[in-house]
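Peer 1: Could you work out the structure for the sequence below:
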Amino acid sequence: MSTVQEIEAALDRLPPAQLREVGDWIAARQMPETTPAMLAGI
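Peer 2: Just a heads-up that it's a prediction; the model follows:
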């Protein structure tokens, strides 16, 4: 299993578009009733 530091380092290496995809995936897991478009409007 990866450490938090390893995950952060991997995220830092992602291009912006892929980082947004990861962020959208995390947001969907945390708040399944929302969509990325809804979150962008906040």
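Peer 1: Work out which residue lies at the spatial centre of the chain.
Peer 2: residue 23 (1.5 Å; C-alpha atoms, centre = their mean).
Peer 1: does it sit in a helix, a strand or a coil?
Peer 2: Assigned by DSSP: H, G, I helix; E, B strand; the rest coil, the conformation of residue 23 is helix.
Peer 1: Now do the same contact list for it.
Peer 2: Not one residue lies near residue 23 by C-beta atoms under 8 Å, 6 or more residues apart in numbering. Using the backbone N, CA and C atoms, a C-beta is placed for each residue, glycine as well.
Peer 1: Roughly how far does it sit from residue 40?
Peer 2: From residue 23 across to residue 40, the span is 11 Å (C-beta to C-beta, to the nearest Å).
Peer 1: Residue 28: helix or strand, and which one exactly?
Peer 2: helix 16-30 (DSSP states H and E).
Peer 1: and that helix, which residues are buried?
Peer 2: Neighbour counts over helix 16-30 (16 or more other C-beta atoms under 10 Å) mark no residue as buried.
Peer 1: Just the element for residue 8, please.
Peer 2: Assigned by DSSP H and E, residue 8 falls in helix 4-12.
Peer 1: how big is the angle separating that helix from helix 16-30?
Peer 2: Angle between the axes of helix 4-12 and helix 16-30 is 130 degrees (criterion: axes from the mean of the first three to the mean of the last three C-alpha atoms, to 10 degrees).
Peer 1: what's in contact with helix 4-12?
Peer 2: By C-beta under 8 Å, 6+ apart, the list of residues contacting helix 4-12 reads 2, 19, 22.
Peer 1: okay if I get those residues as JSON lines plus distance to residue 28 and pLDDT?
Peer 2: Listed next are the contacts of helix 4-12 as JSON lines, based on distance: C-beta to C-beta, whole Å; pLDDT from 0 to 100:
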{"residue": "2", "distance to residue 28": "21", "pLDDT": "83"}
{"residue": "19", "distance to residue 28": "15", "pLDDT": "96"}
{"residue": "22", "distance to residue 28": "11", "pLDDT": "94"}
